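K.L.:
one predicted model, sequence on top.
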Amino acid sequence: FDSTVFSSKNPNSFSLVPWPVISRVEGTVSPGDITPENVRRFFDSTALRRFKTEREIDMILKNTVRRFHPDRFSPNRPVVGSICDLEARRAVTEAVEVVIKTRVRLMCVVVTEAL
């Protein structure tokens with residue numbers, strides 16, 4: 001996803017985005033799954049912490065900053081602009097906003113705890 005060049009001939013879709021949530025069904029994420037609680041649960045998950053050090057978890061959060069940067073998901077950029085269906089485009093845009101806001105809150109908690 002991160003290195004994919006999206007265009008009208010290679011459009012993006014909701015299902016191609018590597019959403020940072022744990023879905024009920026492996027590999028299946030719907031717009032309704034992208035909630036602040038599910039994003040928090042992904043980063044706070046026991047599985048993530050069991051296999052990752054605090055430094056690796058911090059890197060995952062930072063990579064999420066790059067992956068879900070608001071500029072990357074602006075309507076005139078290919079990541080969103082290549083989505084032909086307006087409803088799907090809206091779903092991606094709204095889900096990205098949830099991820100960004102939740103990620104910012106989580107990073108504030110990490111910084112506060114470090115102080």
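P.N.:
In hand now; what should we look at?
K.L.:
could you pull out the helices for this protein?
P.N.:
36-44, 46-51, 54-67, 78-81, 86-114 (DSSP state H).
K.L.:
residue 6: which of those is closest?
P.N.:
Distance to residue 6, taken as Cβ to Cβ, is lowest for helix 78-81 among those, at 4.1 Å. (C-beta placed from N, C-alpha, C; glycine too.)
K.L.:
in CSV: the helices of the chain, plus mean neighbour count and distance to residue 4.
P.N.:
Output for the helices of the chain, formatted as CSV (neighbours: other Cβ atoms under 10 Å; distance: least, Cβ to Cβ, whole Å):
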stretch, mean neighbour count, distance to residue 4
helix 36-44, 17, 21
helix 46-51, 10, 24
helix 54-67, 13, 12
helix 78-81, 19, 9
helix 86-114, 15, 14
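K.L.:
weakest of those in terms of mean pLDDT?
P.N.:
Note on those: helix 46-51 shows the lowest mean pLDDT, a mean of 63.
K.L.:
OK, contacts around the residue positioned nearest the centre of the chain?
P.N.:
Nearest to the mean C-alpha position of the chain, by Cα atoms, centre = their mean, lies residue 19 at 4.2 Å. By Cβ atoms under 8 Å, 6 or more residues apart in numbering, the contact list for residue 19 reads 29, 33-34, 95, 99.
K.L.:
can you tell me which of those lies nearest to residue 44?
P.N.:
Nearest to residue 44, judged by Cβ to Cβ, of those is residue 99 at 14.6 Å.
K.L.:
that closest one contacts residue 34, correct?
P.N.:
Yes: taking contacts as Cβ atoms under 8 Å, residue 99 lies within contact range of residue 34: 6.7 Å.
K.L.:
and the closest residue to residue 77 other than its chain neighbours, how far from residue 19?
P.N.:
The shortest distance from residue 77 to any residue other than its chain neighbours is 7.2 Å, reached at residue 71 (Cβ to Cβ, 6 or more residues apart in numbering). Distance of residue 71 to residue 19, computed by Cβ to Cβ, to the nearest Å: 19 Å.
K.L.:
before we move on, the earlier item: let's have the helices of the chain in TSV, adding distance to residue 10.
P.N.:
Listed next are these as TSV, based on distance: least, Cβ to Cβ, whole Å:
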stretch	distance to residue 10
helix 36-44	27
helix 46-51	31
helix 54-67	18
helix 78-81	9
helix 86-114	15
